[in-house]
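Undergrad: Fold the following for me, if possible:
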Amino acid sequence: MGAETYLVTGAAGFVGGHLVRYLRDRDIQVRAMVRGREGCEALEQAGVELVVGDLTKPESLGAAVEGARGVYHIAALFRQQGVPDAMFTDVNVEGTRVLIEASVAAGVQRFIHCSTVGVLGHIAEPPATEETPYNPGDIYQRTKMEGEKVALEAFRSGRISGVVIRPAMIYGPGDTRTLKLFRMIRRHTFFYVGRGEAHVHWIDVRDLAAGFLLAMRQEDQNGEVYIIAGERSVPLRQMAAEIATQVGVREPWIRLPVKPMQWAGSLCEALCRPFGIEPPIYRRRVDFYTKSRSFDASKAARELGFKPSQDLAGEICDIVEGYRAQGLL
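TA: Below you'll find the model as predicted:
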């Protein structure tokens, strides 16, 4: 009998790509679901079976799940301007539903659903746990909440075994989304909105991949939710100072007042959104500087055996080295 196959959706993305490589490094047979083969040469060279599938086209999912023992559902529609709200529902909610239905029909034994701590929205009393009430603040968070509920219903009803993983803020080597932050600090253009005291809580994408595998293997756990987060949250100013140290520049010192920046962010969004224009500043980006994000990952430690592999300084060091190797800093 051949090796058991595990499907990874969203395999062409940052998280999915890291998960695929993590599994292949452990000789786990992977089938990667992508929306198109273009740009996926690295996956094929890694010995990964590619399958083209689209969460908005249920008829394309049968071949993806056929013969798979487990599914890692990573694919999602993230925040994008100019995308109608209905598309977020189609991908993040209905896409989850039809993928689970296809998995049940194909006899898949276990399903790991990637959600987000964003379903908790603003956390009034951090650190948040898996028991913290839902409080989504935008269409992405709302649809991820609804997709999570779809998955939990399937698990708890006994239709398929699985758990929900809620990652903290994701970063790691090769992450283009945090590149702007590192570049701004390196070029002395980074500034705080407020005092920089709001906490941020990250998870290294490589540790997240390890958490996914632990969740797949802990088959005695079903219908549970697990927050996967780094060693601890830190004030934004502490993170910025660590980045500055590692790129060899002065710690950021510019601080802007909170209220005017919040007003500017809201105004920019209101003016730009009707025209499909990318706003130069979002209210959500202002919130990054002012709202604390801190999470308790002790449940994942107890029940899955999850533990981050290194501290914040080590993670930032790896990210900086990766950017430098690519000539990005």
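Undergrad: Low-confidence ranges, this structure, go.
TA: 1-2, 80-82, 258-286, 288 (pLDDT under 70).
Undergrad: any idea where the strands of it begin and end?
TA: Taking DSSP state E as the test, the strands found in the chain are 5-9, 29-34, 49-52, 68-73, 110-114, 161-167, 169-171, 192-193, 199-200, 202-204, 225-228, 234-235, 255-256.
Undergrad: Any chance of CSV for those strands, columns distance to Met184 and mean neighbour count?
TA: All C-beta atoms are positioned from the backbone trio N, CA, C, and that covers glycine. Compiled in CSV, those are given as follows (distance: least, C-beta to C-beta, whole Å; neighbours: other C-beta atoms under 10 Å):
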stretch, distance to Met184, mean neighbour count
strand 5-9, 32, 25
strand 29-34, 32, 24
strand 49-52, 36, 16
strand 68-73, 33, 25
strand 110-114, 28, 26
strand 161-167, 24, 25
strand 169-171, 15, 21
strand 192-193, 11, 21
strand 199-200, 15, 20
strand 202-204, 17, 25
strand 225-228, 27, 25
strand 234-235, 18, 17
strand 255-256, 13, 14
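Undergrad: now those as JSON lines including distance to Asp138?
TA: Listed next are the strands of the chain as JSON lines, based on distance: least, C-beta to C-beta, whole Å:
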{"stretch": "strand 5-9", "distance to Asp138": "22"}
{"stretch": "strand 29-34", "distance to Asp138": "26"}
{"stretch": "strand 49-52", "distance to Asp138": "30"}
{"stretch": "strand 68-73", "distance to Asp138": "21"}
{"stretch": "strand 110-114", "distance to Asp138": "18"}
{"stretch": "strand 161-167", "distance to Asp138": "16"}
{"stretch": "strand 169-171", "distance to Asp138": "15"}
{"stretch": "strand 192-193", "distance to Asp138": "19"}
{"stretch": "strand 199-200", "distance to Asp138": "18"}
{"stretch": "strand 202-204", "distance to Asp138": "20"}
{"stretch": "strand 225-228", "distance to Asp138": "20"}
{"stretch": "strand 234-235", "distance to Asp138": "24"}
{"stretch": "strand 255-256", "distance to Asp138": "23"}
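Undergrad: any idea how far Ala128 is from Ser294?
TA: Relative to Ala128, Ser294 is positioned 7 Å away (C-beta to C-beta, to the nearest Å).
Undergrad: Please identify which of these two sits among more neighbours.
TA: Ala128 (24 against 19; other C-beta atoms under 10 Å).
Undergrad: That one pairs with what?
TA: Phe295 (DSSP bridges).
Undergrad: show me the contacts for it.
TA: Val117, Leu120, Ile227, Ser294, Phe295, Asp296 (C-beta atoms under 8 Å, 6 or more residues apart in numbering).
Undergrad: Swap in 7 Å and give it another go.
TA: Going by C-beta atoms under 7 Å, 6 or more residues apart in numbering, Ala128 touches Val117, Leu120, Phe295, Asp296.
Undergrad: again with Pro252
TA: Ile185, Phe190, Phe191, Tyr192, Ala240, Ala244.
Undergrad: May I see the PyMOL selection of the buried members of these?
TA: This is the PyMOL syntax for the buried subset of the contacts of Pro252, where burial follows 16 or more other C-beta atoms under 10 Å:
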select buried, resi 185+190+192+240+244
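Undergrad: quick check, nearest of the contacts of Pro252 to Gln141?
TA: Comparing those against Gln141 with C-beta to C-beta places Tyr192 closest, at 24.4 Å.
Undergrad: Relative to Phe111, how far out is the residue lying closest to the closest one once chain neighbours are set aside?
TA: Nearest residue to Tyr192, sequence neighbours excluded (C-beta to C-beta, 6 or more residues apart in numbering): Arg255, at 4.6 Å. Relative to Phe111, Arg255 is positioned 46 Å away (C-beta to C-beta).
Undergrad: Next: Gly16.
TA: In terms of C-beta to C-beta, Gly16 sits 15 Å off from Phe111.
Undergrad: Over to Arg24?
TA: Distance, Arg24 to Phe111, using C-beta to C-beta: 20 Å.
Undergrad: swap in Val104?
TA: In this view, Val104 and Phe111 are 9 Å apart by C-beta to C-beta.
Undergrad: Would you map the helices across this protein?
TA: 14-24, 41-45, 62-65, 85-88, 95-106, 139-156, 179-186, 205-217, 236-247, 258-272, 283-290, 298-304, 312-325 (DSSP state H).
Undergrad: how many neighbours does Ala124 have?
TA: A total of 12 residues lie near Ala124 under the criterion other C-beta under 10 Å.
Undergrad: Can you report phi and psi for it?
TA: phi -70, psi -40 (degrees, to the nearest 10).
Undergrad: Quick check, the residue nearest to Tyr192 in contact with Arg195.
TA: Yes. Arg255 lies in contact with Arg195 (C-beta atoms under 7 Å); the separation is 6.4 Å.
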